[in-house]
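> A predicted structure for the sequence below; I have some questions about it.
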Amino acid sequence: MKRREFLVGAALLAGSMARGSAATNIPTPSADGLDRITAYFDNEVTLGRLPGAVVLVQQHGKPVYLKNFGVRDTRTGLAMTPDTIFAIHSMTKPITCLGAMMLIDEGKLALTAPLSKYVPLFADTKVGLEPEGTSKVELEPPIRPVNIEDLLRQTSGISYDYIGAPWVMQVYQAANIFEGPFNNRQFADRIAKLPLTRQPGTLWRYGHSTDVLGAVIEIISGQTLYEFLKQRILDPLGMNSTKFVLKTPDERARMARPLPSDPVLLAGERDRLDHPEWESGGGGLLSTITDYQRFSQMLLNGGEFEGKRYLSPAVFKAMTTDHVGPGSGVGRDYFYFPGDGFGYGYGIGVRTDPGNAKPPPAGSIGELKWDSGSGTYFGVDPKLDMVYLLMQQTQNERSRITPAFKELVYGCYPEGLRRP
């Protein structure tokens, strides 16, 4: 297919607004600004830094910019299209956490419930202490049990093997937690046998918390995580291409691939493919820009989409409120933290203030966002009634391209609307 770009004029948008009369005072993105987005990604592809990408900017519930760049796979030369499937890695987390919040909304799960209620091995989990002058990890009892809120806000003390003190990597790797086939419940049991890297509730640290939350969802629902997400979120939202495993030749042909020069991401994809039985709630989903567009619009609408409500207003507010900021008693491990001016809700980054940078980075107070190690990125801006999405597959270039993309999106608006 040829590249496609949709630029919707202000008059058309005014006739199709999804958010009511308040949206009429919000300007539409400038044509010059949108052209700069096109020029930037054309250049990235031309220089060979990216095989391709798909970019979407949506305002008032309608796309104002949707463009495909380059190819989905350099081996085949197939062009990028809006239905190209991407490994979205950590952009799985907001979807899994939405599922957990739905169970909370229904009274089937509680924030304060101890994790050991669902995964009994966590009753015996200890906290590791960074050793001084010795390679042996010292252990101490937790000050309180890990609870469901800890999983949602990444304060459980559960880590990734590459985050934290050297002993964390040593302990996680020695445990061979990815050895052989395993499902979510078995993986949660493996994590429970490892020491927590900090006391529960004391530090925001990125890790396998959402993977363990996926096991909790399975235990409560009596379904696999995919069955639950498909029934409760994916099918109702019309996210028909979002799944953990691609089973048909057509689906596999639509999959975007990183450049051969991106070994870290290629290795990560091999690990994912090696465990098709593991439905990772923290990083296992595959999706398209048009699927994730619908999920993002539901968030922008406050938990509602096309007449169906997914969360009550009160529970949606809880999900999208910062729970690790001042007064929370939570410290911040800045490895992969959402960034300057951001806090963290239940599974998603939340902008709470302009931050300390001068000038502050692009964005708005109340903005929601998350990204992934595979380069995908999304943002939801209530101030501008806007959703923006970038689908790409790159580990090497994502830390450079993602902030540039966000600045380009906000550069489409007058200066006063670009900053918090």
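Noted; the coordinates are in hand. Quick caveat, the model's predicted, so the values are computed rather than measured. Numbers count the residues shown, from 1 in each chain.
> what bits of this structure have low per-residue confidence?
1-24, 133-135 (pLDDT under 70).
> Does Leu299 touch Tyr310 like I think?
No: shown here, Leu299 and Tyr310 do not form a contact pair, counting by Cβ atoms under 8 Å, at 9.3 Å. C-beta coordinates here come from the backbone N, C-alpha and C atoms, glycine included.
> For Val264, pull up the helix or strand it's in.
helix 263-274 (DSSP states H and E).
> Can you name the next helix or strand after that helix?
strand 286-287.
> chain center to the helix or strand just after that next one, what's the gap?
Scanning forward in sequence from strand 286-287 by DSSP H and E, the next helix or strand is helix 289-300. Distance of helix 289-300 from its chain centroid, counting by Cα atoms, centre = their mean, to the nearest Å, is 12 Å.
> Grab the longest helix from this protein for me.
Ordering each helix of the chain by length in residues (DSSP state H) puts helix 31-46 first.
> can you give me the angle whichever helix or strand comes after that one makes with helix 289-300?
Scanning forward in sequence from helix 31-46 by DSSP H and E, the next helix or strand is strand 52-59. Strand 52-59 and helix 289-300 are oriented at 30 degrees to each other (axes from the mean of the first three to the mean of the last three Cα atoms, to 10 degrees).
> What strands line up against strand 52-59, and which way round?
strand 62-70 (antiparallel), strand 386-391 (antiparallel) (DSSP bridges).
> Extract the C-alpha trace of that strand and format it as CSV.
Provided in CSV are the C-alpha atoms of strand 52-59 (Å, rounded to 0.1, in the frame of the first residue of the first chain):
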residue,chain,number,x,y,z
GLY,A,52,9.7,2.6,9.4
ALA,A,53,7.0,4.0,11.7
VAL,A,54,3.4,5.0,11.9
VAL,A,55,2.3,8.2,13.5
LEU,A,56,-1.1,9.4,14.7
VAL,A,57,-2.3,12.7,16.1
GLN,A,58,-6.0,12.7,17.1
GLN,A,59,-8.1,15.6,18.4
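> quick one: what helix or strand has the residue lying closest to Ser30 once chain neighbours are set aside in it?
Excluding the flanking residues, the one nearest Ser30 by Cβ to Cβ, 6 or more residues apart in numbering is Cys412, at 5.2 Å. Assigned by DSSP H and E, Cys412 falls within no helix or strand.
> returning to what we had before: compute the inter-axis angle for the longest helix of the chain and strand 62-70.
Going by the same axes, to 10 degrees, helix 31-46 makes 20 degrees with strand 62-70.
> can you pull the contacts of the residue nearest the centre of the chain?
Centroid-nearest residue in the chain: Met91, 2.3 Å away (criterion: Cα atoms, centre = their mean). Neighbour list for Met91: 285, 287, 292, 370-372, 376-378 [criterion: Cβ atoms under 8 Å, 6 or more residues apart in numbering].
> and if you look at Asn396?
259, 261-262, 264-265.
> Looking at those, which two lie furthest apart in space?
Leu259 and Val264 (11.5 Å; Cβ to Cβ).
> Compare the two and say which is more crowded by neighbours.
Leu259 (19 against 13; other Cβ atoms under 10 Å).
> The residue lying closest to that one once chain neighbours are set aside: neighbouring residues, count only.
Nearest residue to Leu259 in three dimensions, chain neighbours excluded: Pro51, at 5.5 Å (Cβ to Cβ, 6+ apart). For Pro51, the count of nearby residues is 25 (other Cβ under 10 Å).
> Can you list phi and psi of Pro51 for me?
Note on Pro51: backbone dihedrals following degrees, to the nearest 10 are phi -70, psi -30.
> now for the longest helix of the chain, which elements pack on it?
If contacts are counted by 3 or more Cβ pairs under 8 Å, 6 or more residues apart in numbering; DSSP states H and E, helix 31-46 sits against strand 52-59, strand 62-70, helix 398-410.
> At which residues are the helices of the stretch 51-200 of the chain located?
Taking DSSP state H, counting those that start in this stretch as the test, the helices found in the stretch 51-200 of the chain are 93-105, 148-153, 166-174, 184-192.
> Would you mind listing the buried residues in the last one?
Okay, so that is helix 184-192. 184-185, 187-192 (16 or more other Cβ atoms under 10 Å).
> how far is that helix from where the chain is centred?
22 Å.
> cool, and the longest one?
Centroid separation for helix 93-105 versus its chain: 13 Å, with Cα atoms, centre = their mean.
> what angle separates that helix from helix 289-300?
40 degrees.
> before we move on, what about the third one?
Regarding helix 166-174 and helix 289-300, their directions subtend 130 degrees when assessed with the same axes, to 10 degrees.
> Please export the C-alpha coordinates of helix 166-174 as CSV.
C-alpha atoms of helix 166-174 as CSV (Å, rounded to 0.1, in the frame of the first residue of the first chain):
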residue,chain,number,x,y,z
PRO,A,166,24.6,-5.5,41.3
TRP,A,167,23.2,-8.2,43.7
VAL,A,168,19.7,-7.8,42.1
MET,A,169,21.0,-8.9,38.7
GLN,A,170,23.0,-11.7,40.2
VAL,A,171,20.0,-13.1,42.2
TYR,A,172,17.5,-12.7,39.4
GLN,A,173,19.8,-14.3,36.8
ALA,A,174,20.8,-17.1,39.1
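> Go ahead and confirm Thr125 touches Arg190.
No: the criterion here is Cβ under 8 Å, and Thr125 misses it with Arg190 at 11.8 Å.
> How many neighbouring residues does Ala357 have?
11.
> what does Glu132 give?
6.
> So for Pro414, what's the nearest residue that isn't a sequence neighbour?
Pro27 (6.5 Å).
> how about Phe69, what does it touch?
3, 41-42, 44-45, 50, 52-55, 80 are the contacts of Phe69 under Cβ under 8 Å, 6+ apart.
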